[in-house]
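J.: Could you look at this predicted model? Sequence included:
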Amino acid sequence: MKRISRRQFLKLFGLGAGAMFFTHILSRLGLAQLGKQKFNNRMKKDIKTDHDLVAVKGEDPAAITKKAIEALGGMARFVKPKAVVLIKPNIGWDRAPEYGANTTPEVVAALVELCFAAGAKRVNVFDNTCNASQRCYENSGIKKAALAKGAQVYFVDSWNVVKANFPFESTMENWPVFRDALECDTFINAPILKHHGSTKLTLGMKNLMGVCSGNRGLMHVDLGTKIFEMAQFIVPELTVIDSYRYLKRHGPAGGDLNDVELRKTVIASADYMLADVYASRFVDIDPNSIPYIARAIDRGLCSPYLTGKDIVELTI
Amino acid sequence: MKKLILTKRISQSLFFILFVYILWSTTYPLKSSISPEIIFKLDPLVLLIISLSEKLILAGIISSLIMLVLALFLGRFFCGWVCPLGSIIDFSGRDNKGVIFSDNRNKSARKAKFVILGIIFFLAILGMQVVWVFDPLVIAARFVSLNFIPAATFAIEGFFSWVIRTFQLYGPLYDFYRSLKGSFLGVKVYYFSHALVIFAYFLAIFIAGYKLKRSWCRIVCPLGAMYALIARFSLFQRRIQNCNYCLKCKSACRMGAIKDDLSYDKGECILCMDCVYNCPQKITRFSFIGWGFPLENKVNNAGGSGISRRQFLALAFFAGLARPGNVRAEILGLKPVRQKVLRPPGSLKEEEFLNRCVRCGNCMKVCITNGLQPALFGSGLSGMWTPQLVPEIGYCEYHCTLCGNVCPTGAIPKLTEQEKLKTRLGLPKIDRNICIPWKDNKECLVCEEHCPIPNKAIKLKKVEVNGKIIFRPYLSLKLCIGCGICQTKCPTRPERAIKVYPVRVTHGEV
């Protein structure tokens, strides 16, 4: 074996230490930032709409979506020119649109179209799926429909997250949230109204789980509080609840066409809590029995009743 | 004659790129026009041995026999011009200069592969398939699918995410990366357990090939041996004229096929064209028998390959002896082969499965959730590198039928979507000492939410504990197909509260 001299040893040692230091610097620059940045909650914007809530019934899902937005006062109220818009539909499951497990693709496409008509610079569409994401994006039909209207449809990156920094004490503190959900000018929440095993109904606030990364199974302990606090963190400007199809049983995944009821309605509101209360009343479920709405009611932020609200119901 | 060498290298590169492309596109939605089965449908060794050990005629055996017929015309062209493993060994880039064996040593070295081929054949007749250990296409496919492609995607993905994060390039570069991810890169980086063992096996072959060029092909490869047995009769032949016996061709031959008297063993020649290139007098040529110029000296070009009849019989005897006792007992039905791991949907019965599966890795490569993983010793030594579903990593996607569609030997049958929905992989159990609603009386129900069965195989029991209503999950095993999504999504760590076990009962029965 060749022996090495002291000088060589020191040289090698120095090189090794230098390399380690260099990689350390590199990692400090990049890798270490992996989800360590903390982001504050999105600010609530005071958007004046013509009505508090609009529910439109009709045959064509795209037409009733457009009508609902129009009745609220138009997409221009929510989307300013050159704005970056995020539309967050429910693409959670590997099911065809008829099964009512994912947002109706026509509703998403109509929203994308309206955003661009209002002058949006860019419309992002994504969801953190439950089934294999490629299959969900394809089979829900949402990828195709949104791409056709010019939206950016992409898969989430688990490294592109930031930690949630709450203004109040929350169990969701430091939870990894996808950066794009916070770095957008307008957040449009487009859930589908359907049954859910542990929270009874999947509504607007529940749909916001899709912007969370990490072990989402752990959110299910005291799910109601966590969902409500997440909604307070995201503060969607516009909630469009697709209840064209209503999955009555065996949610959230569904899979049986007999469980799907056609309600042919789209509910739109700038107030995400009111939208959820209305939607639960719409399918005759007491809002108090839905944990995340109950939490909002407990804290005095919304009322379980619709009295005193300017609600418009249209049929086209 | 540089042109010939160049043509050969281009052919090798093209076939290697094609090989990687086919395996790379072995992923959802399997749109590529070339199915990965084709790689093995052109492998006579794999198909013959499996047909023999399973006593049936596998689909695709005809196409593989075409390869043997081609060998009758062109010799071992497959080894030198097509084989991806041979190409990788050649790409290691070292000539054979300096390593010259004597004729006798060459002869004994090349004998080993015939012995291996013989053992594989005898074991196959006795009903045991071991071709997965030695087939070069299987080794190359396993390496590419389970090592090379995951490492490449990991590197590309890591590079992009590092650059994007470090320099805050969330603009066009990020969009480019996302479109890559949506297309050729794949949504996630796949990871395979025990991939290092697979890599180590490949590396050993590679290093041996670096030390002694084409050592695998000369000494071990049973597919090469099979082609050699036919190539000795091939019509394509090496010829020399007016030779001055400089022996440059002998020292250049990477297969050690050229003898001291400059005749050559036709069965060993892989048509690499090194002797043509290295001939200082430019008098070495290849041509079909009967064409071109006549032979100068009467050299015995055939012969030499293979083993004698006596050796063959001895081999048969020892192969019979060498079979492990417990395997024999299992084959004779004295001891049923127990299924110890979850198999892909619709897999054959365990003993048949072990015989059919060549461990090529296609099913693991294509599995959309990454749940199919190579087993190491989990299903016994004879089940090494067979696919097993590991629900901790990924579950069996309800509507997905990809693994059966890429299996070259039918170990995993092709299922229609309707059949797949009723195919059971195993049955779960809930550990009530771990399960959150059972143990801590807290809400959870992640398993019930994810259960893909329309009627839900996980049911809820409503109980009131200390004035609080909670729902506890319990199983309706009749409905369950054992896809394992409940185990994948179960939030408890390190042990999952719900686990799927390999139970062989058809759907509906419990």
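T.: Perfect, thanks for sending it.

J.: Can you classify B:T27 by secondary structure?
T.: The assignment at B:T27 comes out as coil when based on DSSP: H, G, I helix; E, B strand; the rest coil.

J.: wait, doesn't it sit right on B:C367?
T.: No - with contact defined as Cβ atoms under 8 Å, B:T27 does not reach B:C367; the gap is 9.1 Å. C-betas here are computed from N, CA, C, even on glycine.

J.: higher neighbour count, those two?
T.: More crowded of B:T27 and B:C367, by other Cβ atoms under 10 Å in any protein chain shown: B:C367, with 26 against 21.

J.: ok, now how distant is the more buried one from chain A?
T.: B:C367 sits at a distance of 10 Å from chain A (criterion: Cβ to the nearest Cβ, to the nearest Å).

J.: what's near enough to touch residue 154?
T.: As the question left the chain open, I've gone with chain A. With contacts defined as Cβ atoms under 8 Å, 6 or more residues apart in numbering or on different chains, the neighbours of A:Y154 are A:N124, A:V125, A:F126, B:R178, B:S179, B:K181, B:G182.

J.: The intended chain is chain B.
T.: Counting by Cβ under 8 Å, 6+ apart, the residues that B:F154 touches are B:V189.

J.: so what pLDDT did it get?
T.: According to the model's per-residue confidence, B:F154 sits at a pLDDT of 94.

J.: and A:I188, that one's in a strand?
T.: Yes - assessed by three-state DSSP, A:I188 belongs to a strand.

J.: near chain B, which residues of chain A show up?
T.: Taking Cβ under 8 Å from any Cβ of the partner chain as the criterion, the neighbours of chain B within chain A are A:26, A:29-31, A:33-34, A:94, A:130-135, A:138-139, A:152, A:154-155, A:157, A:159-160, A:179, A:183, A:196-198, A:215, A:217-218, A:220-223, A:250, A:252-256, A:259.

J.: Next, count neighbours for the residue in chain B that chain A sits nearest to.
T.: Using Cβ to the nearest Cβ, the closest approach of chain B to chain A is made by B:P491 at 2.8 Å. B:P491 has 17 neighbouring residues, counting by other Cβ under 10 Å.

J.: now it: how far from B:C447?
T.: Taken as Cβ to Cβ, to the nearest Å, the spacing of B:P491 relative to B:C447 amounts to 9 Å.

J.: With B:L45 instead?
T.: Counting by Cβ to Cβ, the gap from B:L45 to B:C447 is 45 Å.

J.: ditto for A:L72
T.: Distance from A:L72 to B:C447, by Cβ to Cβ: 39 Å.

J.: Look at the two and report which has more neighbours.
T.: Using other Cβ under 10 Å, the more surrounded residue of A:L72 and B:C447 is B:C447, with 27 against 23.

J.: Which residues are in contact with that one?
T.: By Cβ under 8 Å, 6+ apart, the residues touching B:C447 are B:I458, B:P473, B:C486, B:K489, B:C490, B:I498.

J.: Taking those residues together, which two end up most distant?
T.: The two members of the contacts of B:C447 with the most space between them (Cβ to Cβ) are B:P473 and B:K489, at 12.1 Å.

J.: Pick out whichever of the two has more residues nearby.
T.: Neighbour tally, B:P473 and B:K489, criterion other Cβ under 10 Å: the higher count belongs to B:P473, 26 against 21.

J.: So what does the residue nearest to that one when sequence neighbours are not counted have for phi and psi?
T.: Excluding its sequence neighbours, the residue lying closest to B:P473 (Cβ to Cβ, 6 or more residues apart in numbering or on different chains) is B:I458, at 5.0 Å. Dihedral angles of B:I458 (phi, psi; degrees, to the nearest 10) stand at phi -100, psi 120.

J.: which residues touch B:I458?
T.: For B:I458, the contacting residues are B:C447, B:E448, B:C451, B:P473, B:Y474, B:L475, B:S476, B:C486, by Cβ under 8 Å, 6+ apart.

J.: quick one, what contacts the second one?
T.: When you say that, I think you mean B:E448. Neighbours of B:E448 in contact, by Cβ under 8 Å, 6+ apart: A:G197, A:S198, B:K456, B:I458, B:K459, B:L460, B:F471, B:P473.

J.: Mind pulling up the pLDDT for it?
T.: In the predicted model, B:E448 carries a pLDDT score of 93.

J.: what's the answer for A:G30, then?
T.: Reading off the per-residue confidence, A:G30 sits at a pLDDT of 56.

J.: Kindly provide the distance from A:D284 to chain B.
T.: To chain B, A:D284 is 20 Å away according to Cβ to the nearest Cβ.

J.: phi, psi of A:L238?
T.: Per-residue torsions, A:L238: phi -140, psi 130 (degrees, to the nearest 10).

J.: who's in contact with it?
T.: By Cβ under 8 Å, 6+ apart, the contact set of A:L238 is A:I69, A:L72, A:F78, A:T186, A:F187, A:I188, A:N189, A:A268, A:S269, A:A270.

J.: Among those, which one sits closest to A:A17?
T.: Top of the list for closeness to A:A17, among the contacts of A:L238 and by Cβ to Cβ, is A:F187 at 47.8 Å.

J.: what's around residue 109, how many residues?
T.: Reading this off chain A. 24.

J.: Actually, chain B is the one I wanted.
T.: By other Cβ under 10 Å, the residues close to B:A109 number 15.

J.: wait, doesn't it sit right on B:F101?
T.: Yes - in this structure B:A109 lies within contact range of B:F101 using Cβ under 8 Å: 6.6 Å.

J.: Find residues that contact each of those two.
T.: Shared contacts of B:A109 and B:F101, defined by Cβ under 8 Å, 6+ apart, comprise B:G256.

J.: Could you confirm A:L12 falls within a strand?
T.: No - residue state for A:L12 (three-state DSSP) corresponds to helix; a strand is not indicated.

J.: can you pull the pLDDT of it?
T.: Listed pLDDT for A:L12 reads 90.

J.: Verify the contact between it and A:I4 for me.
T.: Yes - look at A:L12 against A:I4 with Cβ under 8 Å: they come within range, at 7.4 Å.

J.: quick one: the strands in the chain?
T.: Going with chain A. Listed in chain order, the strands of chain A (DSSP state E) span residues A:38-40, A:53-57, A:84-89, A:122-125, A:152-153, A:161-165, A:176-178, A:186-190, A:192-196, A:200-202, A:238-247, A:260-269, A:311-315.

J.: meant chain B actually
T.: Taking DSSP E to define them, one finds strands in chain B at B:236-239, B:285-288, B:372-374, B:387-389, B:427-430, B:458-465, B:468-475, B:498-501.

J.: Worst mean pLDDT among those?
T.: Across the strands of chain B, strand B:285-288 has the smallest mean pLDDT, namely a mean of 83.

J.: Show me what that strand is packed against.
T.: If contacts are counted by 3 or more Cβ pairs under 8 Å, 6 or more residues apart in numbering or on different chains; DSSP states H and E, strand B:285-288 sits against strand B:236-239.

J.: Counting by contacts, list what the strand it packs on packs against.
T.: Using 3+ Cβ pairs under 8 Å, 6+ apart as the contact definition, the elements that strand B:236-239 packs against are strand B:285-288.

J.: Show me which positions of the strand it packs on end up buried.
T.: Neighbour counts using 16 or more other Cβ atoms under 10 Å in any protein chain shown place B:R285, B:F286 of strand B:285-288 among the buried residues.

J.: where's A:P236 relative to A:T225, distance?
T.: Taking Cβ to Cβ as the measure, A:P236 and A:T225 are separated by 18 Å.

J.: do A:G197 as well
T.: Relative to A:T225, A:G197 is positioned 18 Å away (Cβ to Cβ).

J.: Looking at those two, which is more packed in?
T.: Counted by other Cβ under 10 Å, A:G197 and A:T225 do not tie: A:G197 has more neighbours, with 24 against 19.

J.: got a list of what the more buried one touches?
T.: Under the criterion of Cβ under 8 Å, 6+ apart, the contact partners of A:G197 comprise A:G251, A:P252, B:L445, B:E448, B:E449, B:L460, B:F471.

J.: Quick one: residues contacting residue 260.
T.: Reading this off chain A. A:E98, A:Y99, A:G100, A:R245, A:Y246, A:L247, A:K248, A:G254.

J.: That was the other one, I meant chain B.
T.: B:S102, B:D103, B:L247, B:K250.
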